[in-house]
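Trainee: task: produce atomic coordinates for the following.
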Amino acid sequence: MTQRTAVYPGSFDPITNGHLDIIQRGLNAFDTIIVAVAKNSSKKGLFSIEERVEMIRSVVGDNPRIQVDVIEGLLIDYVMGKGARVILRGLRAVSDFEYEFQLAQMNHTVQKEVETMFMMTSVRYGYLSSSIVKEMASLNGPISEFVPEIVQKRLADKFSGEKNA
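Mentor: Residues are numbered from 1 along each chain as shown. This is a model prediction of the structure:
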């Protein structure tokens, strides 16, 4: 039996309960999920890549079926280098689909053996994004339903540090 590995890429700035939902549900379809933290040049991150990786590792614990890594370079090259053949992407709404569809087509054109699988987020997380969480946290709003406790603490530390600077 072959190992079924999927790469779940994203900026995860920070990881949310919606991301964790995709990871946990993805384990129903794949033996291993590699959570691949990407540096998005079009976004200025609140957390460094190292901080994001650390938070994700803290949240997923020592589950041997979940790996956390950093993407350097093209996603499609990373996927092939890991021996995976599936990119796992979460979709919240139809508005996400067009952009994700374009990326999936581009990746498939470059590497025919790599497929992108889309998973709809659970209804309770359909509106949730890292950007919304960061905005809510920056205004000292309640975020306990949206992110794990460790992420809540890191957001509070980050924003209290900005206010004191």
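
Trainee: what about the residue nearest to Asn107 when sequence neighbours are not counted, is that helix, strand or coil?
Mentor: Excluding its sequence neighbours, the residue lying closest to Asn107 (C-beta to C-beta, 6 or more residues apart in numbering) is Ile76, at 4.8 Å. Placement of C-beta: from N, CA and C, glycine included. Using DSSP: H, G, I helix; E, B strand; the rest coil, the structure places Ile76 in helix.

Trainee: residues contacting Ile76?
Mentor: Counting by C-beta atoms under 8 Å, 6 or more residues apart in numbering, Ile76 makes contact with 107, 110-111, 114.

Trainee: what's the separation between it and Ser95?
Mentor: According to C-beta to C-beta, to the nearest Å, Ile76 and Ser95 sit 24 Å apart.

Trainee: then Ser129?
Mentor: 11 Å.

Trainee: tell me which element His19 falls in.
Mentor: Using DSSP states H and E, His19 sits within helix 17-26.

Trainee: which positions in that helix come out as buried?
Mentor: 17-23, 26 (16 or more other C-beta atoms under 10 Å).

Trainee: repeat that for stretch 76-84.
Mentor: 76, 78-80, 82, 84.

Trainee: between those residues, which is nearest Gln3?
Mentor: Nearest to Gln3, judged by C-beta to C-beta, of the buried residues of stretch 76-84 is Ala84 at 9.3 Å.

Trainee: and the closest residue to Val70 other than its chain neighbours, what helix or strand is that in?
Mentor: In this structure, Val70 finds its nearest non-sequential neighbour in Val37, 5.1 Å apart by C-beta to C-beta, 6+ apart. Per DSSP H and E, Val37 falls inside strand 32-38.

Trainee: let's have the buried residues of helix 17-26 in CSV, adding pLDDT and distance to Thr121.
Mentor: Converted to CSV, these look like this (pLDDT from 0 to 100; distance: C-beta to C-beta, whole Å):
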residue, pLDDT, distance to Thr121
Asn17, 96, 10
Gly18, 95, 5
His19, 96, 9
Leu20, 97, 11
Asp21, 96, 6
Ile22, 96, 7
Ile23, 97, 12
Gly26, 97, 12
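
Trainee: now tabulate the residues you listed in a markdown table and tack on distance to Gly141.
Mentor: Converted to a markdown table, the buried residues of helix 17-26 look like this (distance: C-beta to C-beta, whole Å):
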| residue | distance to Gly141 |
| --- | --- |
| Asn17 | 15 |
| Gly18 | 17 |
| His19 | 19 |
| Leu20 | 20 |
| Asp21 | 21 |
| Ile22 | 24 |
| Ile23 | 25 |
| Gly26 | 29 |
